[in-house]
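Trainee: Model the following, please.
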Amino acid sequence: QVQLVESGGGMVQAGDSLRLSCAASGRAFSRTAMGWFRQASGKEREFVAAISGSGGNTRYADSAKGRFTISRNNAENTVYLQMNGLKPEDTAVYYCAATLDPNYLTDYWWAYNYWGQGSQVTVSS
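Mentor: From the prediction side, this is the model:
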């Protein structure tokens, strides 16, 4: 069992930055690959980024490349999503998720076993 708690969302203006955090508990953190997804109102959940258990491999959605950075601190059981150059279209609820295979960096939301409660990010123009 893995428990995930996101924090760091908020309301910002276009061009600003935010860093989301996701604190994990309940399982050896380095044995889980972690992902960030987002869901805008009225839209399907979409992949943002993923990182392997060791932190050595990452994967990004095209919309996130060059602006967002996923990282993790296994000593603190936390994964981060640094978001720079935010745009209004980044407005969504952001979720962190964990999959039990530490090397499986997938963009399929159904492959993730555990989910956080979500953190709202609102970007105004």
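
Trainee: what about the residue minimising distance to the centre of the chain, distance to residue 120?
Mentor: Centroid-nearest residue in the chain: residue 36, 2.3 Å away (criterion: C-alpha atoms, centre = their mean). Relative to residue 120, residue 36 is positioned 14 Å away (C-beta to C-beta, to the nearest Å). For glycine as for every other residue, the C-beta is placed from the backbone atoms N, C-alpha and C.

Trainee: re earlier: looking at this, the residue nearest to the centre of the chain is in a helix?
Mentor: No: secondary structure assignment places residue 36 outside any helix; it is strand (DSSP: H, G, I helix; E, B strand; the rest coil).

Trainee: got any residues that touch both of residue 36 and residue 120?
Mentor: Common contact partners of residue 36 and residue 120 (C-beta atoms under 8 Å, 6 or more residues apart in numbering): residue 94.

Trainee: which residues of this structure fall in strands?
Mentor: For the chain, strands defined by DSSP state E occupy the ranges 3-7, 10-13, 18-25, 33-39, 46-51, 58-60, 68-73, 78-83, 92-99, 114-115, 119-124.

Trainee: okay, these in JSON lines with mean pLDDT and distance to residue 105 next?
Mentor: Listed next are the strands of the chain as JSON lines, based on pLDDT from 0 to 100; distance: least, C-beta to C-beta, whole Å:
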{"stretch": "strand 3-7", "mean pLDDT": "95", "distance to residue 105": "17"}
{"stretch": "strand 10-13", "mean pLDDT": "97", "distance to residue 105": "27"}
{"stretch": "strand 18-25", "mean pLDDT": "97", "distance to residue 105": "16"}
{"stretch": "strand 33-39", "mean pLDDT": "98", "distance to residue 105": "6"}
{"stretch": "strand 46-51", "mean pLDDT": "98", "distance to residue 105": "4"}
{"stretch": "strand 58-60", "mean pLDDT": "98", "distance to residue 105": "4"}
{"stretch": "strand 68-73", "mean pLDDT": "98", "distance to residue 105": "10"}
{"stretch": "strand 78-83", "mean pLDDT": "98", "distance to residue 105": "13"}
{"stretch": "strand 92-99", "mean pLDDT": "97", "distance to residue 105": "9"}
{"stretch": "strand 114-115", "mean pLDDT": "96", "distance to residue 105": "16"}
{"stretch": "strand 119-124", "mean pLDDT": "98", "distance to residue 105": "21"}
